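In: Fold the following for me, if possible:
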Amino acid sequence: MHIDIDKDVCIGAGQCALAAPNVFTQDDDGFSMLLPSSENGTEDPMTREASRACPVGAITLSEK
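Out: You can find the predicted model right below:
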């Protein structure tokens, strides 16, 4: 699955990093970013939950 994070929409709530800590982290400003191991997609089952948990819908998932 491919993951896109809209940096213009992200508010840095951190729900993605809490839901899927093996996929998401936060940058120095607190905004969402992918861990290097997930930049080319992931099969982590918590990724969908992290997308749903985003309060502003900044995370978009698509199948490869």
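In: From here on, just use CA atoms for contacts and neighbour counts.
Out: OK.
In: so where do the strands sit in the protein?
Out: Applying DSSP state E to the chain gives strands spanning 2-5, 24-26, 32-34, 59-62.
In: Buried deepest among the ones you listed, which one?
Out: Of all the strands of the chain, strand 32-34 has the most neighbours on average by mean count of other C-alpha atoms under 10 Å, namely a mean of 23.
In: in its sheet, what does it sit against?
Out: According to DSSP bridges, strand 32-34 has the following sheet partners: strand 24-26 (antiparallel).
In: I'd like to know the average pLDDT value across the partner strand.
Out: The average pLDDT within strand 24-26 is 97.
In: got a list of contacts for that strand?
Out: 12, 14, 16, 17, 32, 33, 34, 35 (C-alpha atoms under 8 Å, 6 or more residues apart in numbering).
In: coming back round to it: do you know which of the strands of the chain lies nearest residue 43?
Out: When the strands of the chain are compared by C-alpha to C-alpha, strand 2-5 sits nearest residue 43, at 9.1 Å.
In: Tell me which stretches of the chain form helices.
Out: Counting by DSSP state H, the chain has helices at residues 15-19, 46-53.
In: any idea which of these is most buried?
Out: The most buried one of the helices of the chain (mean count of other C-alpha under 10 Å) is helix 15-19, showing a mean of 21.
In: Which neighbouring elements make contact with that helix?
Out: Secondary-structure packing of helix 15-19 (3 or more C-alpha pairs under 8 Å, 6 or more residues apart in numbering; DSSP states H and E): strand 24-26, helix 46-53.
In: Quick one, which of the ones you listed gets closest to residue 1.
Out: Closest approach to residue 1 among the helices and strands packed on helix 15-19 (C-alpha to C-alpha): helix 46-53, 9.0 Å.
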